[in-house]
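Attaching a predicted model along with its sequence, questions to come.
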Amino acid sequence: MIHQYSLNGYQIVLDVHSGAIHIVDQVVYDLLKLLSDEKGELKVEMTPVCPEEIKAQLLKSYSEEEIKDAYDEVLELYQGEVLYSKDDYEQYANMMVASPIKAMCLHIAHDCNLRCKYCFASTGDFGGGRKLLSAETGKKAIDFLLKYSKGRKNLELDFFGGEPLMNFDVVKEVVNYARSKEKEYNKNFRFTITTNGVLLDDDKIDFINKEMSNVVLSIDGRKEINDQLRPAVNGKGSYDVIVPKYQKLVANRGKNPGDYDQYYVRGTFTKHNLDFSKDVFHLNELGFDQISVEPVVSPEYAEYAITEKELPRIFEEYETLAKQLIQRKKEGTGFNFFHFMIDLDQGPCAIKRLRGCGCGNEYVAVTPDGDVYPCHQFVGMEDWKMGSVEDLSVDFKKKDYFAKANVYAKEDCKTCWAKFYCSGGCNANNLQYAGDVLKSHKISCELEKKRLECAIMIKAALADLDEE
Amino acid sequence: MKHVKTLNNANLKKSAATGGCGECQASCQSACKTSCTVANQKCEK
Ligand code: SF4
Ligand code: SF4
Ligand code: SF4
């Protein structure tokens, strides 16, 4: 299967099953259109010379010699298995099924000091009442991870909420407890935290910069955009409170030897700021160079929802952003936009790519009550509860169900050109908005594919830049 | 090649044969987390 598209003056061809990306000229582009069916599969036999009926069509625009040249190159790529290469991945689909549980989202506080309008957690309590996780349950969560991660060395623990800074003493206690077990169990904990920033102070900043391998700082961009959707409980916007704190945290990040340096400022865009590239650049102007601004996912009826109607405008905005980022790179003032980051050579193995989301299988979420759910988005859906850290129990039937949710188990994904990049989307969104973990959520798919097209185009443009 | 420039090593198939150790970061594709394309993650091997 191939996917071909043209963007910003580049004709790009992705060979899905080898992972090859080719930049082609117009004659090859037109030739490939004629060789492929609507799914991007080869529809004719690749004979040593170009089939007559295809040649006849191309002769309207190109010379005989051009067509021969182009066909020869296409044939060479085909024979080299980097064009229309075979899909022989299904045999791997059940690898990594019995994966240990090695990543956890620890809901340190089901409470929040902001009232973000699009919050999927019902303003922090996930519909289950405002609660803080106790240190005791937090430690049991660590024991749970130590037990079920088996031979896996690298363990991930994300402090999540609600707002985790509302219960920061417990965060510290849990980190210290986990660190005290690393040697004995031969584990390496990687902690991360997602915060709205309101309660950041010097002490918390120091602790985060020392212990957290990544920190996600929530902010939506321009002040008026942020404050419209991210107000405090008293209705006042959060922008003025959090910006200086984030700046301080980032300025200190990675400063001491041994400290971690990864971070993201991340925002959400909604129907109200479809010109979100302005928010991305605004965040950069504030001094941040690791930026993620992502589409809100919500029911269609929400007044800020992104629906099919908004897609063309969003596609246009992604293109604008991509072009501006290339320009910035040229000028030496480039920065990372998370959704356009892609590694065409050293990315993860194909097996990892068969199952992007690890929910319920290698990843679980734990609530302040100690209940285990497949992931943070499932928290509160009673039917999906799959264990408890209190008695270290796991429902392996549920785990197995998620383990098998790979791209070859998802009808739409199987034949999707983006499958090795998107890896099957978000299971929780699929369930909530498409009614089934194994059905894809169309709007998310369209957005993902557009971002991917932009990301690959940026690579093409940067390759040109290198040649100059 | 005159008409085609290939941008990368097409090593996806090879990676299937040697991969699958599971040591890399568990990923989340959703917008509420540090969502990303799986392709930008690093292999730990
Ligand atoms: S660490 Fe590398 S080889 Fe192992 S599963 Fe991840 S991507 Fe594949
Ligand atoms: S979730 Fe959508 S975009 Fe992703 S692989 Fe499946 S069909 Fe393709
Ligand atoms: S189901 Fe969605 S939100 Fe949950 S871990 Fe998977 S991708 Fe992330």
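Yes, it's here. Ligands and ions are numbered 1, 2, ... in the order given.

Run through the strands of chain B in chain order.
B:4-6 (DSSP state E).

Can you pull the residues of it lying near ligand 2?
For chain B, no residue is in contact with ligand 2 (Cβ under 6 Å from any ligand atom). In this view, the C-beta of every residue, glycine as well, is placed from N, C-alpha and C.

Spell out the residue ranges of the helices in chain B.
B:12-18 (DSSP state H).

likewise the stretch 301-450 of chain A?
A:311-331, A:350-353, A:396-403, A:411-414, A:419-422, A:427-429, A:442-467 (DSSP state H, counting those that start in this stretch).

contact partners of the third one?
Residues from elsewhere that reach helix A:396-403 (Cβ atoms under 8 Å, 6 or more residues apart in numbering or on different chains): A:96-99, A:101, A:355, A:359-361, A:374, A:384, A:386, A:427, A:437.

Mind picking the lowest-pLDDT entry from these?
Among those, residue A:96 carries the weakest pLDDT, at 63.

residue ranges with poor pLDDT in chain B?
B:29-40 (pLDDT under 70).

Which positions in it make contact with ligand 1?
Residues of chain B lying close to ligand 1 by Cβ under 6 Å from any ligand atom are B:19, B:20, B:21, B:22, B:23, B:24, B:43, B:44, B:45.

List buried residues within these.
Buried subset of the residues of chain B next to ligand 1 (neighbour count, 16 or more other Cβ atoms under 10 Å in any protein chain shown): B:19, B:20, B:22, B:24, B:43.

so what's the third one up against?
For residue B:22, the contact set (Cβ under 8 Å, 6+ apart) comprises A:96, A:99, A:100, A:102, A:152, A:352, A:362.

now the residue in chain A sticking out farthest from the centre, nearest residue through space, not along the chain?
Computed with Cα atoms, centre = their mean, the maximum C-alpha offset from the centroid of chain A is found at residue A:64, amounting to 45.8 Å. The shortest distance from residue A:64 to any non-neighbouring residue, by Cβ to Cβ, 6 or more residues apart in numbering or on different chains, is to residue A:55 (8.0 Å).

give me the number of residues near that neighbour?
For residue A:55, the neighbour count with other Cβ atoms under 10 Å in any protein chain shown is 17.

Roughly how far does it sit from residue A:43?
15 Å (Cβ to Cβ, to the nearest Å).

Would you pull up the residue in the stretch 301-450 of chain A closest to chain B?
Nearest residue of the stretch 301-450 of chain A to chain B: residue A:349, at 2.4 Å (Cβ to the nearest Cβ).

I'd assumed residue A:378 was in contact with residue A:359.
Yes. With contact defined as Cβ atoms under 8 Å, residue A:359 counts as touching residue A:378 (7.3 Å).

neighbour-wise, which of these two wins?
Legend: neighbour count by other Cβ under 10 Å for residue A:359 and residue A:378, higher for residue A:359 (30 against 25).

how much space between the closest residue to the more buried one other than its chain neighbours and ligand 2?
Of all residues not flanking residue A:359 in the chain, residue A:375 sits nearest, at 3.8 Å (Cβ to Cβ, 6+ apart). From residue A:375 across to ligand 2, the span is 16 Å (Cβ to the nearest ligand atom, to the nearest Å).

Also residue A:79?
The gap separating residue A:79 from ligand 2 is 28 Å, by Cβ to the nearest ligand atom.

Contacts only, for that residue.
By Cβ under 8 Å, 6+ apart, the neighbours of residue A:79 are residue A:46.

where does it land on pLDDT?
97.

do you know how far it is from chain B?
Per Cβ to the nearest Cβ, to the nearest Å, residue A:79 is found 13 Å from chain B.

Same question for residue A:225.
Counting by Cβ to the nearest Cβ, the gap from residue A:225 to chain B is 16 Å.

For the most centrally placed residue in chain A, which non-adjacent residue is closest in space?
Centroid-nearest residue in chain A, with Cα atoms, centre = their mean: residue A:339, separated by 7.1 Å. Distances taken as Cβ to Cβ, 6+ apart place residue A:451 nearest to residue A:339, at 4.9 Å, with adjacent residues excluded.

Model confidence score at the residue of the stretch 201-350 of chain A found nearest ligand 3, please.
In the stretch 201-350 of chain A, the residue that lies nearest ligand 3 is residue A:297 (9.2 Å; Cβ to the nearest ligand atom). pLDDT recorded at residue A:297 is 85.

cool, and residue A:233?
Reported pLDDT for residue A:233: 86.

list the contacts for the residue lying closest to it once chain neighbours are set aside?
Spatial nearest neighbour of residue A:233, excluding adjacent residues (Cβ to Cβ, 6+ apart): residue A:115 at 5.8 Å. The neighbours of residue A:115, taking Cβ under 8 Å, 6+ apart as the test, are A:123, A:231, A:232, A:233, A:235.

7 Å instead?
Counting by Cβ atoms under 7 Å, 6 or more residues apart in numbering or on different chains, residue A:115 touches A:123, A:231, A:232, A:233.

Show me which of these is closest to chain B.
Distance to chain B, by Cβ to the nearest Cβ, is smallest for residue A:123 among the contacts of residue A:115, at 13.9 Å.

Now find how far off-centre stretch A:50-69 is within its chain.
42 Å (Cα atoms, centre = their mean, to the nearest Å).

Could I have the CA atoms of it written out in PDB?
C-alpha atoms of stretch A:50-69 as PDB (Å, rounded to 0.1, in the frame of the first residue of the first chain):
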ATOM      1  CA  CYS A  50       5.200   0.200 -18.700                       C
ATOM      2  CA  PRO A  51       1.800  -1.300 -19.500                       C
ATOM      3  CA  GLU A  52       0.400   0.200 -22.800                       C
ATOM      4  CA  GLU A  53      -2.900   1.600 -21.400                       C
ATOM      5  CA  ILE A  54      -1.000   3.500 -18.700                       C
ATOM      6  CA  LYS A  55       1.600   4.800 -21.100                       C
ATOM      7  CA  ALA A  56      -1.100   6.000 -23.400                       C
ATOM      8  CA  GLN A  57      -2.600   8.100 -20.700                       C
ATOM      9  CA  LEU A  58       0.700   9.600 -19.700                       C
ATOM     10  CA  LEU A  59       1.600  10.500 -23.300                       C
ATOM     11  CA  LYS A  60      -0.900  13.300 -23.100                       C
ATOM     12  CA  SER A  61       1.400  15.200 -20.800                       C
ATOM     13  CA  TYR A  62       4.900  13.600 -21.000                       C
ATOM     14  CA  SER A  63       7.300  12.300 -23.700                       C
ATOM     15  CA  GLU A  64       8.000   8.700 -24.300                       C
ATOM     16  CA  GLU A  65      11.400   9.000 -22.800                       C
ATOM     17  CA  GLU A  66      10.200  10.600 -19.600                       C
ATOM     18  CA  ILE A  67       7.700   7.900 -19.100                       C
ATOM     19  CA  LYS A  68      10.200   5.200 -19.700                       C
ATOM     20  CA  ASP A  69      12.600   6.700 -17.200                       C
END
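
Fine by me, we can end here.
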